[in-house]
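>>> my questions are about this predicted structure, shown below with the sequence.
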Amino acid sequence: MVKVAKKKNSVGSGTCGAGSGGGFASKLQDQMIESSLSKIKHKLIVMSGKGGVGKSSIAANIAVGLAKRGHKAGLMDVDLHGPSIAGIMGIHELLEITKDKFAIPRMVDGLKVVSMQSLLKAEDRDKAIIWRGPAKTGVIRQFIGDVQWGELDYLVIDSPPGTGDEPLSVAQSVPDAQAIIVTTPQDVALADVRKSINFCTVVNLKIFGLVENMGPFSCPCCGKTIELFSCGGGERTARQAGIPFLGTLPFDPSVVKACDAGTPIIGQSSESEFSKVLEKIIDNIEKRLGV
């Protein structure tokens, strides 16, 4: 994968290596991105102001939940530095590549999945990606344009955290997408999520709504409600910003275990409180987007 930054042996058509500034190459890459995404009805970018808030697990569970309901759904991981969707979905093989060098998504229980990690050989997956902004921008754009998705009702995109080059590249490459912003209740996360909201405003990325993760949960021993962090901060932040609040997902160790095992919890059980709230979020997606 590092060879992409050197403009050699890149996955995809090879029309535009990372960091290429040529006007013709850039326009051609724009056309490839448009072609790749043209048959997808709705794109949802799952993003967060900081890492460690459970963004990837929520993206995976939303995508799996949509596929379970019979929708043609895809899940795309464009996080260069911390790709985790492949592991969450139990994918260990490299992506297959067509003769004309386009990536073919992996099919997992009716869900099409593509992850940056699936482009890396096993011996390279623990190596740090040390690239400057232009190289990362080029790779992300090329990756988005070089996947054969076909017709989809929904594409869920797991975006890199923060408000820097990587999420900016994603937002600009998929201009008709809507953002689902993930936060946790503590003040430091809420401060970062306000930056994400401002980011979306500046780049004209429509916000679908805000999800609060790792909220209060019932103690499995005594049933008492436990708050690892504070409570209600996500809903207050959404209200103050004038954006929809999609719900509070409770902290649930079984969600972590399920993701580590490569089988997101919504695909295993609909009885957990986490799954029940997530199903309501998916209800909201279906209702508002009309698919």
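Arrived safely. Numbering: from 1, shown residues only.
>>> what's the residue in the chain sticking out farthest from the centre sitting at in phi/psi?
Within the chain, the residue lying farthest from the chain centre (Cα atoms, centre = their mean) is C222, at 35.5 Å. The phi/psi pair for C222 (degrees, to the nearest 10) reads phi -110, psi -10.
>>> same question for L111.
phi -110, psi 130.
>>> what's near enough to touch the closest residue to it other than its chain neighbours?
With sequence-adjacent residues excluded and distances taken as Cβ to Cβ, 6 or more residues apart in numbering, L111 is closest to A67, at 4.0 Å. Any C-beta I mention is one placed from the backbone N, CA and C, and that applies to glycine too. By Cβ atoms under 8 Å, 6 or more residues apart in numbering, the contact set of A67 is 73, 109-111.
>>> mind running it again at 10 Å?
73-75, 107-113, 153-154, 156, 266-267 (Cβ atoms under 10 Å, 6 or more residues apart in numbering).
>>> now find how far off-centre the strand or helix carrying it is within its chain.
Using DSSP states H and E, A67 sits within helix 55-68. What separates the centre of helix 55-68 from the centre of its chain is 9 Å, taken as Cα atoms, centre = their mean, to the nearest Å.
>>> my read: D109 touches G262, true?
No. The pair D109 / G262 is not scored as a contact, 11.1 Å apart, by Cβ atoms under 10 Å.
>>> which neighbours do those two have in common?
Counting by Cβ under 10 Å, 6+ apart, the residues touching both D109 and G262 are 89-90.
>>> show me where the chain has strands.
With DSSP state E as the definition, the chain shows strands at residue ranges 40-48, 73-77, 96-97, 103-104, 106-108, 111-115, 152-158, 178-183, 206-215, 217-218, 225-226, 245-250.
>>> I'd like these as CSV, with distance to L289 and mean pLDDT appended.
Below are the strands of the chain laid out as CSV (distance: least, Cβ to Cβ, whole Å; pLDDT from 0 to 100):
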stretch, distance to L289, mean pLDDT
strand 40-48, 5, 95
strand 73-77, 12, 95
strand 96-97, 30, 85
strand 103-104, 26, 88
strand 106-108, 23, 93
strand 111-115, 17, 93
strand 152-158, 8, 96
strand 178-183, 8, 96
strand 206-215, 8, 94
strand 217-218, 29, 78
strand 225-226, 33, 75
strand 245-250, 13, 94
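>>> and Q186, how close does it get to V46?
Distance of Q186 to V46, given as Cβ to Cβ, to the nearest Å: 20 Å.
>>> ok, now which ones touch I157?
I157 neighbours (Cβ under 10 Å, 6+ apart): 43-47, 59, 63, 74-79, 114, 144, 170-171, 173-174, 177, 179-180.
>>> buried subset of the contacts of A67, written for ChimeraX?
Listed next is the ChimeraX selection for buried residues among those, using 16 or more other Cβ atoms under 10 Å:
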select :73,74,75,108,111,112,113,153,154,156,266,267
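>>> from the contacts of A67, pick the one nearest S275.
Distance ranking of those against S275, using Cβ to Cβ, places I266 first at 5.1 Å.
>>> just checking, that closest one touches D252?
No. I266 is beyond contact range of D252, at 11.4 Å (criterion: Cβ under 10 Å).
>>> wait, L44 sits on L152?
No. Judged on Cβ under 10 Å, L44 makes no contact with L152 at a distance of 11.3 Å.
>>> mind listing the shared neighbours of those two?
Common neighbours of L44 and L152 (Cβ under 10 Å, 6+ apart) are 66, 73.
>>> the helices in the chain, which residues?
2-5, 23-37, 55-68, 85-88, 133-145, 165-173, 187-202, 233-241, 253-260, 273-289 (DSSP state H).
>>> please identify the most buried of those helices.
Most buried of the helices of the chain by mean neighbour count (mean count of other Cβ atoms under 10 Å) is helix 55-68; its value is a mean of 26.
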